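Novice: The amino acid sequence is not available; the structure is as follows:
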């Protein structure tokens with residue numbers, strides 16, 4: 001068994017040098033490319049994999065994409081921004097900050113659909129002294145009987 005030990009040690013060192021260390025470097029590069037995101041495209045490292053509405057195959061396939069936001073006022077485009085974040089709620093504040101930089105001010109009324117409704121976004125708009133015309137993300141669900149029957153939801157508790 002004495003001669004086996006150096007042979008095994010050489011094999012382990014060779015595997016480390018030729019396989020494991022290069023694999024670790026590749027993983028580190030991939031993690032760096034991901035950044036804050038959960039995914040990225042090998043062909044377009046800036047793109048994030050997203051589930052798109054225009055899925056002609058209707059199989060829920062993820063595709064590399066960007067989240068583009070556009071700000072308008074009186075039917076004029078004031079500005080746009082491109083994001084790697086797949087959720088609209090996470091794009092509103094950076095978009096409005098970019099809009100403020102481009103235009104010099106924020107619109108008095110911020111209008112957005114329920115996809116933007118988050119506590120953070122409502123607090124931001126309120127802090128800016130603006131009016132928010134946004135539904136919160138559970139607006140539609142809260143009108144259903146199933147939602148209203150769920151005892152575990154704090155919103156459904158009766159206070160006396």
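Specialist: Structure received. No experiment lies behind these values; they were computed from the predicted model shown. Numbers count the residues shown, from 1 in each chain.

Novice: CA only for contacts and neighbour counts going forward, please
Specialist: Fine.

Novice: what ranges do the helices span in this protein?
Specialist: Across the chain, reading from the start of the chain, the helices by DSSP state H fall at 4-15, 21-34, 92-103, 119-127, 139-142, 145-149.

Novice: Enumerate the positions of stretch 129-149 that are buried.
Specialist: Of all the residues in stretch 129-149, those buried under the rule 16 or more other Cα atoms under 10 Å are 132, 134, 135, 136, 137, 147.

Novice: same question but for stretch 58-73, I mixed them up
Specialist: By neighbour count with 16+ other Cα under 10 Å, stretch 58-73 contains the buried residues 64, 65, 66, 67, 69, 71.

Novice: what about it, distance to the chain center?
Specialist: Counting by Cα atoms, centre = their mean, to the nearest Å, stretch 58-73 is centred 11 Å from the centre of its parent chain.

Novice: Repeat that for stretch 146-160.
Specialist: Here stretch 146-160 is found 30 Å from its chain centre; the criterion is Cα atoms, centre = their mean.

Novice: now do stretch 33-44
Specialist: Relative to the centre of its chain, stretch 33-44 is centred 12 Å away, using Cα atoms, centre = their mean.

Novice: Contact partners for the spatially most central residue of the chain?
Specialist: Residue closest to the mean C-alpha point of the chain, counted by Cα atoms, centre = their mean, is residue 85 at 3.3 Å. Residues near residue 85 by Cα atoms under 8 Å, 6 or more residues apart in numbering: 37, 48, 66, 67, 91.
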